[in-house]
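Chemist: Return a 3D structure for these sequence lines:
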Amino acid sequence: MSEKRFEGKVCIVTGAASGLGQATAEVLAAEGGRVACVDISSAAAEETAEGIRKSGGDASAYTIDVSDFASVEAGVEAVADSLGRPEVLINCAGIGRFQHSHEVGMDDWQRIIGVNLTGTFLMCRHTLPHLLEGGGAIINIASNAGLMGQPYSAAYCASKGGVVNLTRALADEYLEQDIRVSCIAPGGIETAIQKSFQETMPEGSNFKKLMRITSPLGNSQPIEIARFIAFVASEHGRYITGTIHSMDGGLTR
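Modeler: Numbers count the residues shown, from 1 in each chain. From the prediction side, this is the model:
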């Protein structure tokens, strides 16, 4: 029998339509969480929520564009109104692509920064007032690319590096309010975003070589990262805050 570390707790998971976000939503629900599955795709978010409900879990779908202030504000309030005070926020929503830096257009730059960094901040910004009512945990998903950089992905690296220091800033600011803020920095994960990276590799570059450099043990599976997210977000991780946890097969230390 699985532990019920999130019994009755309202947990918001962004990027819940697929990959790491979906796996995290499923793990939290299996442990008793009342999960708000957030995604920009209404149909995909509902598909995740429906799958959780069919497995006996408690999940609802919410359509939020994390890069938009008004959308996040309304979405988080909708979660609080229907489910109750959020106690856990997992920021998994993210996008990226490979591209030569001298060819990056402003639309690409702003979109990646908007979802990955601004989106993470906005979800924190609008969830924090609820966490201030009684404490809670925020887990932000960065990347080892935000710790060491990698070629062909300047916007992605910049956005994830921003998430790393956003996490540290929030952890320091809200430490005395019983709000823990931590960051997971995975390497390659077998997800749709990983496949989208591969599809946008510049001509003449070697994707397999790059993956050997950035993920020496190969790609992880979403469930492996999701289980660790659940540990850090739970009471078992109550002494963890302000830290960046690399999960990339030993590459960054």
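
Chemist: mind listing what's buried in the helix or strand containing I52?
Modeler: Assigned by DSSP states H and E, I52 falls within helix 42-54. Buried residues in helix 42-54, counting neighbours by 16 or more other C-beta atoms under 10 Å, are found at A44, A45, E46, E47, T48, A49, G51, I52. Using the backbone N, CA and C atoms, a C-beta is placed for each residue, glycine as well.

Chemist: Pull the most distant pair out of these.
Modeler: Spatial extent of the buried residues of helix 42-54 (C-beta to C-beta) is set by the pair A44 and I52 at 13.2 Å.

Chemist: between the two, what contacts are shared?
Modeler: Taking C-beta atoms under 8 Å, 6 or more residues apart in numbering as the criterion, A44 and I52 do not both touch any residue.

Chemist: Counting neighbours, what do you get for A78?
Modeler: 15 (other C-beta atoms under 10 Å).

Chemist: and it, what does it touch?
Modeler: Y62.

Chemist: try it again with 10 Å
Modeler: A36, S60, Y62, T63, I64 (C-beta atoms under 10 Å, 6 or more residues apart in numbering).

Chemist: And for D178?
Modeler: Here D178 is in contact with L131, L132, G134, G135, G136, A137, R238, T241 (C-beta under 10 Å, 6+ apart).

Chemist: thinking again about what came up before, following element in sequence after the helix holding I52, please.
Modeler: strand 58-63.

Chemist: Counting by contacts, list what that following strand packs against.
Modeler: Counting contacts by 3 or more C-beta pairs under 10 Å, 6 or more residues apart in numbering; DSSP states H and E, strand 58-63 packs against strand 10-14, helix 19-30, strand 34-39, helix 42-54, helix 69-83.

Chemist: Out of those, the one nearest Y156 is which?
Modeler: That would be helix 19-30 among those, by C-beta to C-beta, at 15.2 Å.

Chemist: What is the distance between the closest one and the centre of its chain?
Modeler: 11 Å (C-alpha atoms, centre = their mean, to the nearest Å).

Chemist: Dump that helix to PDB, restricted to CA.
Modeler: Taking Å, rounded to 0.1, in the frame of the first residue of the first chain, the C-alpha atoms of helix 19-30 are listed here in PDB:
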ATOM      1  CA  GLY A  19       5.700  13.900 -19.400                       C
ATOM      2  CA  LEU A  20       7.100  14.900 -16.000                       C
ATOM      3  CA  GLY A  21       4.000  17.000 -15.100                       C
ATOM      4  CA  GLN A  22       1.700  14.200 -15.800                       C
ATOM      5  CA  ALA A  23       3.800  11.700 -13.900                       C
ATOM      6  CA  THR A  24       4.000  14.100 -10.900                       C
ATOM      7  CA  ALA A  25       0.200  14.600 -10.900                       C
ATOM      8  CA  GLU A  26      -0.300  10.900 -10.900                       C
ATOM      9  CA  VAL A  27       2.200  10.300  -8.000                       C
ATOM     10  CA  LEU A  28       0.700  13.000  -5.800                       C
ATOM     11  CA  ALA A  29      -2.900  11.800  -6.500                       C
ATOM     12  CA  ALA A  30      -1.800   8.200  -5.600                       C
END
